[in-house]
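Chemist: one predicted model, sequence on top.
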Amino acid sequence: MLIIGAKGHAKEVLQVFHQKKEIQNLYFFDDISTDTPSKLFNQFEIITNLEAAKKLFISSLDNRFVLGIGNPYTRFELVQKMKKIGGKLSNVIASSALIGNYDVFMEEGVDIMPFSIIMNSVSIKEGTLINRMVNISHDTEIGMYSELAPNTTVSGNCRIGSFCFLGTGSIILPNVQIGNNVKIGAGAVVTQNIESNSVAVGVPAKIIKKLDQLNFEL
């Protein structure tokens, strides 16, 4: 198994695998940093280029990879690179996460970190990061490659778009719809819909800035 990334979030993903006793044949990938050691924690090899990653997929007979990077756009770009060399995007689900038994749908590449709660009738699209202690209520949809920071609460019947970032401790009240490419500030309370390509902060959350549209199709 290859973890994409070798720093912040990747270290937290490692802990998920450690708790599940699945650290055998675990590798990391970082082709950007110039200050990484050859082994993370003097134990796990760090692969630094795509050719070596491709060889690992072939030689190990295991082409699975998971995402150990938080930034939504970087997650998306690295998935495209890994798929081109034969990688198969996989999920990370912490053993301490509570996930509903009914009508829960998760696509590939979703990270569910420790002590998160995903209730029944929730849909989470490809590549999204649900960080520690996030609470997602019933009948809610989360789009592709979004990031929900620790302690975020998403109430029932909400719609969160793709490539969104919900800051630490933010609260989304029931029936709220958030468009694509939206950033919600830490501690914000979102009481009404937020249109795409926006930054919203405060209590109640208000749009303070517009963002450029995404330059690719969802």
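Modeler: Happy to help now that I have it.

Chemist: need the phi and psi values for residue 57.
Modeler: With angles defined as degrees, to the nearest 10, residue 57 sits at phi -60, psi -40.

Chemist: which ones are touching it?
Modeler: The contact partners of residue 57, by CB atoms under 8 Å, 6 or more residues apart in numbering, come to 2, 63, 85, 86, 87. The C-beta positions use only the backbone N, C-alpha and C, and glycine is treated the same way.

Chemist: can we see that at 10 Å?
Modeler: 2, 63, 64, 65, 82, 85, 86, 87, 88 (CB atoms under 10 Å, 6 or more residues apart in numbering).

Chemist: same deal with residue 34?
Modeler: So residue 34 contacts residue 48 (CB under 10 Å, 6+ apart).

Chemist: for residue 210, same thing?
Modeler: By CB under 10 Å, 6+ apart, residue 210 lies in contact with 195, 196, 197, 198, 199.

Chemist: most neighbours among these, which one?
Modeler: For those, the largest number of neighbours (other CB atoms under 10 Å) sits with residue 198, at 21 neighbours.

Chemist: and the pLDDT for that residue?
Modeler: pLDDT, residue 198: 98.

Chemist: not counting residues beside it along the chain, what's closest to it?
Modeler: residue 207 (4.7 Å; CB to CB, 6 or more residues apart in numbering).

Chemist: what residue spans form the domains of the protein?
Modeler: As recorded under automatic domain parsing, the domains making up the chain are 2-90, 93-207.

Chemist: if the most centrally placed residue in the chain is in a bridge, with which residues?
Modeler: Centroid-nearest residue in the chain: residue 129, 1.9 Å away (criterion: CA atoms, centre = their mean). Per DSSP bridges, residues listed as beta-bridge partners of residue 129: residue 111, residue 147.

Chemist: picking up where we left off before, ok, the residue nearest to residue 198 to residue 196 distance?
Modeler: 11 Å (CB to CB, to the nearest Å).

Chemist: what do the two both touch?
Modeler: In contact with both residue 207 and residue 196: residue 182, using CB under 10 Å, 6+ apart.
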